[in-house]
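> how does the following fold in three dimensions:
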Amino acid sequence: MNEKRQISISILDTDYQILTDDSESRVNEIAGFVDKKIRQTKAAAPHMTNLSAAILAALNLSEELFKAKDEAVLLREREDDLQALFSYKDKLKTVMQQLSENDSLAAGQQQKIDKLQTENNELIIMLNEYKEKYNSVRAENEINKRSVSELENKLLENQIELVKARKTLLDFGD
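This is a model prediction of the structure:
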């Protein structure tokens, strides 16, 4: 901590000795500010005593101080809000990266789905071709069954005719 020292200041042409650990330039800056405020207050109401002007200036400075404190509180709240926004921004960035990764995965999955869809369509076409061939063979088989049945019937009729012809021949030959 800095060592305290005595500094001389002047307010309303009156010298004061101040014991402070601030720099001399800082203390003179503050004293000059206070002197200026009191002089502005006296200039607005010249009949006012130095003490009244000092009190009124102190009230004005206190009001400014309270406003500055209120603004500082608001700034701290805004800073907290800003920090929360930065935190949300970071979380959002992470989520966006995850979404991007998911999109990449989804694109890969979509390619697989498209490939499987194409293969499925090709298999459906093949299945339909086989169904057509099966139906064609089945229809041909039905036709062949009817033909065989007709031929069997004709064979049976011919065998009956043959038996009749043999009987006639046997009857004729006796």
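> for the rest of this, base every contact and every neighbour count on C-alpha atoms.
Noted.
> bridging residues for Thr20?
Here Thr20 sits in beta bridges with Arg5, as judged by DSSP bridges.
> now it: how far from Thr14?
Here the distance between Thr20 and Thr14 works out to 19 Å (CA to CA, to the nearest Å).
> likewise for Phe33?
In this structure, Phe33 and Thr14 are 15 Å apart, going by CA to CA.
> looking at the two, which one has more neighbours?
Applying other CA atoms under 10 Å to Phe33 and Thr14 shows that Phe33 carries more neighbours, namely 13 against 7.
> check which helix or strand that one maps to.
helix 24-44 (DSSP states H and E).
> that helix: how far from the chain's middle?
Per CA atoms, centre = their mean, to the nearest Å, the displacement of helix 24-44 from the mean C-alpha position of its chain is 56 Å.
> report the mean confidence score over the lengthiest helix in the chain.
Scanning the chain for the helix with the most residues, using DSSP state H, yields helix 50-173. Confidence over helix 50-173 (mean pLDDT, whole number) is 92.
> which elements pack onto it?
Judged by 3 or more CA pairs under 8 Å, 6 or more residues apart in numbering; DSSP states H and E, the packing partners of helix 50-173 are helix 24-44.
> how about the helix it packs on as PDB, C-alpha atoms only?
What follows is helix 24-44, C-alpha atoms only, in PDB (Å, rounded to 0.1, in the frame of the first residue of the first chain):
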ATOM      1  CA  GLU A  24      -0.900  14.500  -6.300                       C
ATOM      2  CA  SER A  25      -2.300  14.900  -9.800                       C
ATOM      3  CA  ARG A  26      -5.300  12.700  -9.000                       C
ATOM      4  CA  VAL A  27      -6.100  14.700  -5.800                       C
ATOM      5  CA  ASN A  28      -5.700  18.000  -7.700                       C
ATOM      6  CA  GLU A  29      -8.000  16.700 -10.400                       C
ATOM      7  CA  ILE A  30     -10.700  15.900  -7.900                       C
ATOM      8  CA  ALA A  31     -10.200  19.200  -6.000                       C
ATOM      9  CA  GLY A  32     -10.500  21.100  -9.300                       C
ATOM     10  CA  PHE A  33     -13.700  19.200 -10.100                       C
ATOM     11  CA  VAL A  34     -15.300  20.000  -6.800                       C
ATOM     12  CA  ASP A  35     -14.200  23.700  -7.000                       C
ATOM     13  CA  LYS A  36     -15.700  23.900 -10.500                       C
ATOM     14  CA  LYS A  37     -19.000  22.400  -9.300                       C
ATOM     15  CA  ILE A  38     -19.300  24.800  -6.400                       C
ATOM     16  CA  ARG A  39     -18.400  27.800  -8.600                       C
ATOM     17  CA  GLN A  40     -21.100  26.600 -11.100                       C
ATOM     18  CA  THR A  41     -23.600  26.400  -8.300                       C
ATOM     19  CA  LYS A  42     -22.700  29.900  -7.100                       C
ATOM     20  CA  ALA A  43     -22.800  31.300 -10.600                       C
ATOM     21  CA  ALA A  44     -26.400  30.100 -10.900                       C
END
